[in-house]
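A.B. asks: predicted model, plus sequence, below.
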Protein chains: 2
Amino acid sequence: MDQENSEKGTEDAPVLPSCEDEHGGIIVELKDPMDPTEFALLLKTSLSQWKLQDGFVYHHAEPHYLMLVKWIHETPSTIPANATHRLRIGAIVLNDKRELLVVLEKHGRFKGTGIWKIPTGMVEEGEDIIVGATREVKEETGVDSEFIDVLAFRQMHKTFYQKSDLFFLCTLKPLSFEIQIQESEIDGAQWMPIAEYAAQPFAEQHYVFKYAADICLAKLEKGYTGFTPRPTTSFLSHNPSYLYVNELLTLPVSNEKKLRKL
Amino acid sequence: MDQENSEKGTEDAPVLPSCEDEHGGIIVELKDPMDPTEFALLLKTSLSQWKLQDGFVYHHAEPHYLMLVKWIHETPSTIPANATHRLRIGAIVLNDKRELLVVLEKHGRFKGTGIWKIPTGMVEEGEDIIVGATREVKEETGVDSEFIDVLAFRQMHKTFYQKSDLFFLCTLKPLSFEIQIQESEIDGAQWMPIAEYAAQPFAEQHYVFKYAADICLAKLEKGYTGFTPRPTTSFLSHNPSYLYVNELLTLPVSNEKKLRKL
C-alpha cells in the first residue's frame, strides 16, 4: 500500500486507528465496537487519505477481524491464497486384547444409528495432527494415548461452503484404559473386539469407518505401513514441524535427534 | 436466525436484498457495488427487522463475499470452523534414465540460489491433490504426467497469517519428455541425474528437497511404499473423492471398479 500519506491535504481528517505492516500495508485494528454508520464514514475518509478509494476485495476473515486487500502493482498479485481445507482425524486406538476404542455419538449423522465408531474430531487452527488426535481421544473417552502413525487420508470437497476436508486415519497406542465419556458429545464408549466392530452394518457412505478395521488388521498382520511423524525444523518456523514418512525409511535426519531431546 | 420478521412494525423499511437459507438463516447477496454509507444504513435497518442488532462475528471471507454469523441458540455453536490449511505439492517426476525433472525458480526464496528443485505449487480451491500435482508439472515444465502416489507430507504452522500449510511430496510418471518452461515463473528446467540433484548444497531448511532424492531412491531400491489414491464415493459429495492408502493394501472397495469406469 502506498505510504505517502502526508502528501495530500486531508491530513487532519479523522482516520481509523491503524499501523503499517512490514510490507508497507496498513492494518486497521478496532479495539472496541463501533457504530456501523460511523465506521463506514471513517473508512471512506481513511481510504481517501490512504489513496485507495476502491478496488479492494475481501481476503479472509476470522471471528474478530476482516482482511481486505488490493494489489496495486502492475505484476500479477502474489498475495497468498486463502486457506482451503480443514483437517479432521479419526483415531484407531487398539489395546493388547485386539479391542478397539469406540464411541456412540450424541449428535451428527451417526445419531440414533446405534453404530459404534472410532473417535473423530477437528484439528484446531495451528494444531499438529498428532496433538489433535490425542486430544480428541482424551476429550471423548478420557483415554490417554500416544500417536503412532497416519494409515490413510481422504480429501473431500465442498464439505462446508466452498471449502474442503482432509481426513486423517491415525493409530494411537493407549496409555490408559479407563473410560470417562464426554457427556455433551458422546452417549457411550467401550473397548470393542475388532471383529465385532467390523461386523457392524456400516452404510456404503461410511466406508472410512468400514475400512478402518481392514487397514488396522492389515497393519497388525500383513506388514501394512503408514506414515510416522518425524520432527524437524524449517525455514518458516522456529517450532519443530512434522514430516510424515513411511515408517520403514531411515532418513539422514541430522537434526531429528536433537529435536527429540527438546 | 429468527424468522419472525413480520411481528414488529418496521416491515416497510428498506432492507438489504436477501433470501433465507436451508437452516433458517438469512443470506444477503448484493449483485452490484453499493455506497458504503448507504450499505451501513441499510444493514442497520435490516438487522433491526431481522431482530439481530449485534453479536455478529466474522466467519470467513472470499474475494467477493463476507460471511458474518451469530449463534442464537442456548447450546454450543455447531457452526463449522473456518478453513485452516492450504495445500501445496512437490512433484518427483523421474524418467527411465533415473533423471529427475527439475526447475530453476525465478521468484521466491530459491531465486538466485542456482538450486535446481523439483516443481512445486499450490493446490487450488476444490482441486484434488492428484490434479494439482499434474497441473503444476505441466504448467512449469510442459511435461505431461500421471499421478502415482504421495511419498510423504509435512504440516507447518503460521506460514501465512495464522494459517498452516500441508505439503505433499508426490511421485508422477512422465508421459512426455520435451520441456517447455513457464517464462513468468521459471528460469530453466531440465532432466537431471538423481545423484547430481542430491549432491546440490541444499540448506538445512530445504530439507524436504534434500529428502526428496533419498525417499525417491528408497522407493526405487528399498521397497519404500507411499499412499496411492483410490477413488470412491462419499455421503457428502456426488463426485468421487480420493482415499490415499498404502499401495500394498488390497481393500474390498466395492465401488472402486465402478468408479474407475467413469
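C.D. replies: Ah, there it is.

A.B. asks: in chain A, mark out all the strands, start to finish.
C.D. replies: Remark: strands assigned in chain A by DSSP state E are A:18-20, A:26-28, A:57-62, A:65-69, A:85-93, A:99-105, A:120-122, A:145-160, A:163-174, A:186-193, A:227-234, A:237-246.

A.B. asks: pick the most deeply packed of those.
C.D. replies: For these, the largest average neighbour count (mean count of other C-beta atoms under 10 Å in any protein chain shown) is found in strand A:85-93, namely a mean of 24. For glycine as for every other residue, the C-beta is placed from the backbone atoms N, C-alpha and C.

A.B. asks: can you say which of the strands of chain A is nearest to A:Ala213?
C.D. replies: Closest approach to A:Ala213 among the strands of chain A (C-beta to C-beta): strand A:99-105, 7.5 Å.

A.B. asks: for that closest one, list the C-alpha coordinates in CSV.
C.D. replies: Once non-C-alpha atoms are left out, strand A:99-105 reads as follows in CSV (Å, rounded to 0.1, in the frame of the first residue of the first chain):
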residue,chain,number,x,y,z
GLU,A,99,-10.2,-54.4,21.2
LEU,A,100,-10.8,-51.1,19.6
LEU,A,101,-11.8,-47.9,21.5
VAL,A,102,-15.2,-46.9,20.1
VAL,A,103,-17.9,-44.3,20.8
LEU,A,104,-21.6,-43.7,20.3
GLU,A,105,-22.1,-40.1,19.0
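
A.B. asks: run the chain-centre distance for it.
C.D. replies: Relative to its chain's centre, strand A:99-105 lies at 23 Å (C-alpha atoms, centre = their mean, to the nearest Å).

A.B. asks: rewinding a little: tabulate the strands of chain A (a markdown table), appending mean pLDDT and distance to B:Ala218.
C.D. replies: Shown next, in a markdown table, are these (pLDDT from 0 to 100; distance: least, C-beta to C-beta, whole Å):
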| stretch | mean pLDDT | distance to B:Ala218 |
| --- | --- | --- |
| strand A:18-20 | 73 | 48 |
| strand A:26-28 | 72 | 46 |
| strand A:57-62 | 71 | 38 |
| strand A:65-69 | 69 | 42 |
| strand A:85-93 | 96 | 26 |
| strand A:99-105 | 96 | 31 |
| strand A:120-122 | 94 | 32 |
| strand A:145-160 | 92 | 17 |
| strand A:163-174 | 95 | 22 |
| strand A:186-193 | 95 | 36 |
| strand A:227-234 | 82 | 13 |
| strand A:237-246 | 81 | 8 |
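
A.B. asks: need these in JSON lines (columns: distance to chain B).
C.D. replies: Shown next, in JSON lines, are those (distance: least, C-beta to the nearest C-beta, whole Å):
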{"stretch": "strand A:18-20", "distance to chain B": "16"}
{"stretch": "strand A:26-28", "distance to chain B": "11"}
{"stretch": "strand A:57-62", "distance to chain B": "4"}
{"stretch": "strand A:65-69", "distance to chain B": "5"}
{"stretch": "strand A:85-93", "distance to chain B": "5"}
{"stretch": "strand A:99-105", "distance to chain B": "13"}
{"stretch": "strand A:120-122", "distance to chain B": "6"}
{"stretch": "strand A:145-160", "distance to chain B": "4"}
{"stretch": "strand A:163-174", "distance to chain B": "5"}
{"stretch": "strand A:186-193", "distance to chain B": "14"}
{"stretch": "strand A:227-234", "distance to chain B": "6"}
{"stretch": "strand A:237-246", "distance to chain B": "4"}
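
A.B. asks: reformat those strands as a markdown table; add distance to A:Lys138.
C.D. replies: Listed next are these as a markdown table, based on distance: least, C-beta to C-beta, whole Å:
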| stretch | distance to A:Lys138 |
| --- | --- |
| strand A:18-20 | 40 |
| strand A:26-28 | 37 |
| strand A:57-62 | 26 |
| strand A:65-69 | 31 |
| strand A:85-93 | 10 |
| strand A:99-105 | 11 |
| strand A:120-122 | 10 |
| strand A:145-160 | 7 |
| strand A:163-174 | 10 |
| strand A:186-193 | 12 |
| strand A:227-234 | 18 |
| strand A:237-246 | 19 |
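
A.B. asks: with respect to B:Leu87, which of the ones you listed lies nearest?
C.D. replies: Evaluated over the strands of chain A, closeness to B:Leu87 peaks at strand A:85-93, with 6.1 Å, by C-beta to C-beta.

A.B. asks: B:Glu185 is nearest to which of the strands of chain A?
C.D. replies: In terms of C-beta to C-beta, the element of those nearest to B:Glu185 is strand A:65-69, at 21.2 Å.

A.B. asks: of the strands of chain A, which is nearest B:Lys138?
C.D. replies: Set against B:Lys138 and scored by C-beta to C-beta, those come closest in strand A:145-160, at 20.1 Å.

A.B. asks: what's the angle from the closest one to strand A:227-234?
C.D. replies: Interaxial angle, strand A:145-160 versus strand A:227-234 (axes from the mean of the first three to the mean of the last three C-alpha atoms, to 10 degrees): 90 degrees.

A.B. asks: which elements pack onto strand A:145-160?
C.D. replies: strand A:85-93, helix A:129-141, strand A:163-174, helix A:207-221, strand A:227-234, strand B:227-234, strand B:237-246 (3 or more C-beta pairs under 8 Å, 6 or more residues apart in numbering or on different chains; DSSP states H and E).

A.B. asks: A:Ile186 is nearest to which of those?
C.D. replies: Here helix A:129-141 is closest among the helices and strands packed on strand A:145-160 (C-beta to C-beta), at 5.3 Å.

A.B. asks: what about stretch A:137-147, distance to the chain center?
C.D. replies: The chain centre lies 18 Å from the centre of stretch A:137-147; the measure is C-alpha atoms, centre = their mean.

A.B. asks: next one: stretch A:35-44
C.D. replies: Counting by C-alpha atoms, centre = their mean, stretch A:35-44 is centred 34 Å from the centre of its parent chain.

A.B. asks: mind listing residues that contact it?
C.D. replies: Residues from elsewhere that reach stretch A:35-44 (C-beta atoms under 8 Å, 6 or more residues apart in numbering or on different chains): A:14-16, A:30, A:34, B:36-37, B:39-41, B:43-44.

A.B. asks: buried subset of these as a PyMOL selection?
C.D. replies: One line in PyMOL is enough to select the buried ones among the contacts of stretch A:35-44; burial here means 16 or more other C-beta atoms under 10 Å in any protein chain shown:
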select buried, (chain A and resi 15+16) or (chain B and resi 36+39+40+43)
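
A.B. asks: of the contacts of stretch A:35-44, which one scores lowest on pLDDT?
C.D. replies: Least confident entry in these, by pLDDT: B:Lys44, with 70.
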